[in-house]
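Colleague: please find the sequence and the predicted model below.
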Number of protein chains: 2
Amino acid sequence: MIDLWFTEKHSEGAKFSIHVKEHLYSKKSPFQQIDFFDSYEFGKFFTLDGIMMANEKDEFIYHEMITHVPLASNLDIKKVLVIGGGDGGTVRELTKYKSIEQIDMVEIDEMVVNACKKYLPLTSSKLNDKRVNLFFEDGLLFIKNKKNLYDLILVDSTDPIGPGEGLFSKEFYENCFEALTKNGILINQHESPYYPFNVREMKRSHNKIKDIFPISKVYQFHMPTYPSGHWLFGFASKGVDPLNCNSEKWNSLNLETKYYNTNIHKASFALPNYVIELLNHSNDD
Amino acid sequence: MIDLWFTEKHSEGAKFSIHVKEHLYSKKSPFQQIDFFDSYEFGKFFTLDGIMMANEKDEFIYHEMITHVPLASNLDIKKVLVIGGGDGGTVRELTKYKSIEQIDMVEIDEMVVNACKKYLPLTSSKLNDKRVNLFFEDGLLFIKNKKNLYDLILVDSTDPIGPGEGLFSKEFYENCFEALTKNGILINQHESPYYPFNVREMKRSHNKIKDIFPISKVYQFHMPTYPSGHWLFGFASKGVDPLNCNSEKWNSLNLETKYYNTNIHKASFALPNYVIELLNHSNDD
């Protein structure tokens, strides 16, 4: 039996390796290198340009936290835009809400979606929900000139290298602001406070968003297969404060979640001192 | 230049590797294999039997969370027992409290303490505080027949293999109960909810403690260099509820912390659904 390990550098001085059963798929799309694996510890997983995106063991954590925090903050959300999110996990969580009427998902890379449908059927299971409209386009261009259209925008992107880079730009966040309705919420993949590369991008991202949105907070969760396991989302809005979430009403929906609950919701906005410090000095470099 | 990496298996199917500048120390004590390294990302760190114990980059997280959560829950704590904790980080945090009168530290392995004094001087900096009494003894034996002596016991142990094993036994927890004063608190290293080995020990530990102490809770924190980065402490007490911590009074002490604050304190007890589920079924196997 061969002894096969996938290795990802989490920083210049640290790497994480996964024992692989089988390398299932390896193709170069017009945008990036796409690979799918089966593994002993994490089940099936896929990488883009060699970076772990999602695996069967803990994808629920990321997808629940990107979705239920904004939804529990405003249960009147009807129209949602997902940018990125090719594996479908974010859409799967959104479809749990009967109140949502429309989900537009803009993924630049159709090959990612097709491969996820084949290898990660549970993650991508709701992409054929009748409320979902799939656009295989550049999110940066899609969002331009959209006004007052979405109650929620979820930026479910890769790191800011390669095709995800523009999704961390000031122009993009400004276009999101314009595309949102009066109580609109923007959630963005906000990197991590631990390793130098992630810290830099976390600060850059926060620095831009806080100048555009009147409410701009950051929340954290435990995502074991991402670098450091300490991952963040940004919660920016035109008026909704996530700490005023309606726990009773959300709990009355009886949605099944494996990570999220309304205690975690409030708790996730309590950040360690060193993270607060980094965010407060986000315009230093 | 040589390309040297330290690798730790986080589970059978996942491993974490650290780029090493220099292997500083390698000795076998009567109890375990002790190694110190200098690294690019984490500064100096040490391992016991090949498992990461503490490093200069993130030891503050573990040591602040084991200490300030019980202290902020009861600021009248005067006498503390630390079991394990050879690197001195827990004692360093305890000495920040002028109100603490006595700190007994029982570490089985004197060689660990001596090496930490040499290679991790900031972590071990307060071991010579005049309130600190060092005992190089087996914590299991030390605690036996102690009655009503300590306001707080901190079990700062390795995983339950090797010398740390007895510190996860029912008899040990019962002896801790007896050694505690009326409002006594026991904090124990409670493993992690993610990889199979840690999950098993987390459940076994919780199952034993909850039968002995009237209050038995679990709290979490982000510890990037431990397996999965999602780590837990157990908070057991004869009466003190950690959710009733006196934030105002703790904040008035003006202690300097890099991770802990009183928002994190309360937030750390909000656990993900899947962790609650595992703990609720802690006696299943």
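Modeller: Yes, it's here.
Colleague: what is the top strand by length along chain A packed up against?
Modeller: In terms of residue count, the longest strand belonging to chain A (DSSP state E) is strand A:14-28. Strand A:14-28 is packed against strand A:4-11, strand A:33-39, strand A:43-48, helix A:110-119, strand B:14-28, with contacts defined by 3 or more C-beta pairs under 8 Å, 6 or more residues apart in numbering or on different chains; DSSP states H and E. For glycine as for every other residue, the C-beta is placed from the backbone atoms N, C-alpha and C.
Colleague: ok, what's across the strand from the residue nearest to the spatial centre of chain A?
Modeller: In chain A, the residue lying closest to the centroid (C-alpha atoms, centre = their mean) is residue A:156, at 3.3 Å. Using DSSP bridges, the beta-bridge partners of residue A:156 come out as residue A:84.
Colleague: re the thing from before, any idea which of the helices and strands packed on strand A:14-28 is most buried?
Modeller: Stretch with highest mean neighbour count among those: strand A:43-48 (a mean of 22; mean count of other C-beta atoms under 10 Å in any protein chain shown).
Colleague: what lines up beside it in the sheet?
Modeller: Per DSSP bridges, strand A:43-48 is paired in its sheet with strand A:33-39 (antiparallel), strand A:51-55 (antiparallel).
Colleague: only alpha carbons, please: show the last one as CSV.
Modeller: Listed next in CSV are the C-alpha coordinates belonging to strand A:51-55 (Å, rounded to 0.1, in the frame of the first residue of the first chain):
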residue,chain,number,x,y,z
ILE,A,51,-5.2,25.1,-0.2
MET,A,52,-7.8,23.1,1.7
MET,A,53,-11.3,24.4,0.9
ALA,A,54,-13.7,21.9,2.4
ASN,A,55,-13.8,18.4,3.8
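Colleague: next SSE downstream of that strand?
Modeller: Going down the chain from strand A:51-55, the next helix or strand is helix A:59-73, by DSSP states H and E.
Colleague: average model confidence for that next one?
Modeller: Average pLDDT, helix A:59-73: 98.
Colleague: so what's the closest residue to chain B within chain A up against?
Modeller: Nearest residue of chain A to chain B: residue A:229, at 2.3 Å (C-beta to the nearest C-beta). Residue A:229 makes contacts with A:222, A:223, B:222, B:224, B:228, B:229, B:230, as judged by C-beta atoms under 8 Å, 6 or more residues apart in numbering or on different chains.
Colleague: per-residue confidence at the residue nearest to the centre of chain A?
Modeller: Note for residue A:156: predicted pLDDT of 95.
Colleague: the one 10 residues further on now?
Modeller: You'll see residue A:166 listed with a pLDDT of 81.
Colleague: quick check, it in contact with residue A:172.
Modeller: Yes - taking contacts as C-beta atoms under 8 Å, residue A:166 lies within contact range of residue A:172: 5.8 Å.
Colleague: next, show the common contact partners of the two.
Modeller: Contact criterion C-beta under 8 Å, 6+ apart; residues shared by residue A:166 and residue A:172: A:139, A:140.
Colleague: between the two, tell me which one has more neighbours.
Modeller: It is residue A:172, of residue A:166 and residue A:172, that has more neighbours when counted by other C-beta atoms under 10 Å in any protein chain shown, with 21 against 15.
Colleague: which residue is the nearest non-sequential neighbour of residue A:231?
Modeller: Computed as C-beta to C-beta, 6 or more residues apart in numbering or on different chains, the closest residue to residue A:231 that is not its neighbour in sequence is residue A:223, at 4.1 Å.
Colleague: who are the contact partners of the one you found?
Modeller: Contact analysis of residue A:223 by C-beta under 8 Å, 6+ apart lists A:58, A:61, A:62, A:229, A:230, A:231.
Colleague: so which of the contacts of residue A:229 are in strands?
Modeller: Judged by DSSP E, strands contain the following of these: A:222, B:222, B:230.
Colleague: ChimeraX command for the buried members of these?
Modeller: Buried residues among the ones in strands among the contacts of residue A:229 (16 or more other C-beta atoms under 10 Å in any protein chain shown), as a ChimeraX selection:
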select /A:222 /B:222,230
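Colleague: residue A:23 against residue A:35, yeah?
Modeller: Yes - with contact defined as C-beta under 8 Å, residue A:23 reaches residue A:35; the gap is 7.0 Å.
Colleague: what's across from residue A:38 in the sheet?
Modeller: Where residue A:38 sits in a bridge, its partners, by DSSP bridges, are residue A:22, residue A:44.
Colleague: picking up where we left off before, for the helices and strands packed on strand A:14-28, which one sits closest to residue A:243?
Modeller: strand A:4-11 (31.2 Å; C-beta to C-beta).
Colleague: confirm that residue A:167 sits in a strand.
Modeller: No - going by DSSP: H, G, I helix; E, B strand; the rest coil, the assignment for residue A:167 is helix, not a strand.
Colleague: okay, now it: neighbour count?
Modeller: So residue A:167, with other C-beta under 10 Å, has 25 neighbours.
Colleague: my guess is it meets residue A:84, correct?
Modeller: Yes - the pair formed by residue A:167 and residue A:84 meets the contact definition of C-beta under 8 Å, at 7.0 Å.
Colleague: residues touching residue A:133, list them.
Modeller: Counting by C-beta under 8 Å, 6+ apart, residue A:133 has contacts A:102, A:103, A:104, A:105.
Colleague: check which helix or strand covers it.
Modeller: Element membership for residue A:133, per DSSP H and E: strand A:132-135.
Colleague: and the helix or strand that comes right after that strand, what other elements does it pack with?
Modeller: Using DSSP H and E, the helix or strand that directly follows strand A:132-135 along the chain is helix A:139-143. For helix A:139-143, the packing partners by 3+ C-beta pairs under 8 Å, 6+ apart come out as strand A:79-84, strand A:102-106, helix A:170-179.
Colleague: try it again at 7 Å.
Modeller: If you count contacts as 3 or more C-beta pairs under 7 Å, 6 or more residues apart in numbering or on different chains; DSSP states H and E, helix A:139-143 packs onto helix A:170-179.
Colleague: name the residues of the helix it packs on that are buried.
Modeller: Buried residues in helix A:170-179 (16+ other C-beta under 10 Å): A:172, A:173, A:174, A:175, A:176, A:177, A:179.
Colleague: need the overlap of contacts for residue A:167 and residue A:84.
Modeller: Counting by C-beta atoms under 7 Å, 6 or more residues apart in numbering or on different chains, the common neighbours of residue A:167 and residue A:84 are A:139, A:155, A:157.
Colleague: ok, and the closest non-adjacent residue to the second one?
Modeller: In this structure, residue A:155 finds its nearest non-sequential neighbour in residue A:188, 4.1 Å apart by C-beta to C-beta, 6+ apart.
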